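Asks: Here's my sequence, what's the structure:
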Amino acid sequence: MKLNLMCDSLLEVVRACMRADNLAEQAEFFSFGTNDLTQATFSFSREDAENKFLPMYNQSGILQDNPFEVLDVKGVKRLMQSAVKWGRHTRPDMKVGICGEHGRHPASIRFCHKIGLTYVTCSGPRIPIARQAAAQAAITEGEKMNDKAA
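Replies: Residues are numbered from 1 along each chain as shown. Next up is the predicted model:
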């Protein structure tokens, strides 16, 4: 029996994302722990935020969405995008994905497709929604490419 060992890096904190180029020297794939990365980026816990002030932030427009349901556009997404770019600069064939609740939300899946993530994980009951969102993202990208070629 041949055992294939793969070295991975779970990117759950800001520093790991900022050091993605260095981590890619050893890691064969990255997986963003989006719930923990969201907590680290915002510097508040999900439990505290959702039970106390997050609804007020959403209602007043401070935040567009609950960042624990939809990847945050202005912070977490940009951090992920940079980490993917830096990691693939070091290791061009780097496989990159997300694990966590964000893997079930169509807008988050579309973003993951846009920045070239290799995979998205989600719980079993969410797989049909995730597959549909991934297919729609691929179709939309194909349509955009066809428009440019025409």
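Asks: Going by C-alpha atoms from here, please, whenever you check contacts or count neighbours.
Replies: Fine.
Asks: what's the span of stretch 39-50, first residue to last?
Replies: 12 Å (C-alpha to C-alpha, to the nearest Å).
Asks: Report the mean confidence score over that stretch.
Replies: The pLDDT scores in stretch 39-50 average 93.
Asks: Would you mind listing the buried residues in it?
Replies: Buried residues in stretch 39-50, defined by neighbour count with 16 or more other C-alpha atoms under 10 Å: 39-41, 46, 49.
Asks: these two touch, right, residue 32 and residue 101?
Replies: No - with contact defined as C-alpha atoms under 8 Å, residue 32 does not count as touching residue 101 (11.3 Å).
Asks: what ranges do the strands span in the chain?
Replies: Assigned by DSSP state E, the chain shows strands spanning 8-11, 29-33, 95-99, 119-120.
Asks: ok, the first one: who's next to it in the sheet?
Replies: It refers to strand 8-11. If you go by DSSP bridges, strand 8-11 pairs up with strand 29-33 (parallel).
Asks: Could you find the closest non-adjacent residue to the most centrally placed residue in the chain?
Replies: Computing the C-alpha centroid of the chain and ranking residues by C-alpha atoms, centre = their mean puts residue 98 first, at 4.9 Å. Among residues not flanking residue 98 along the chain, residue 32 sits closest, at 4.5 Å (C-alpha to C-alpha, 6 or more residues apart in numbering).
Asks: Can you flag which of the buried residues of stretch 39-50 belong to helices?
Replies: When the buried residues of stretch 39-50 are checked against helices (DSSP state H), the matches are 39-41, 46, 49.
Asks: which intervals of this protein have sub-threshold pLDDT?
Replies: Within the chain, the ranges that satisfy pLDDT under 70 run 1-8, 143-150.
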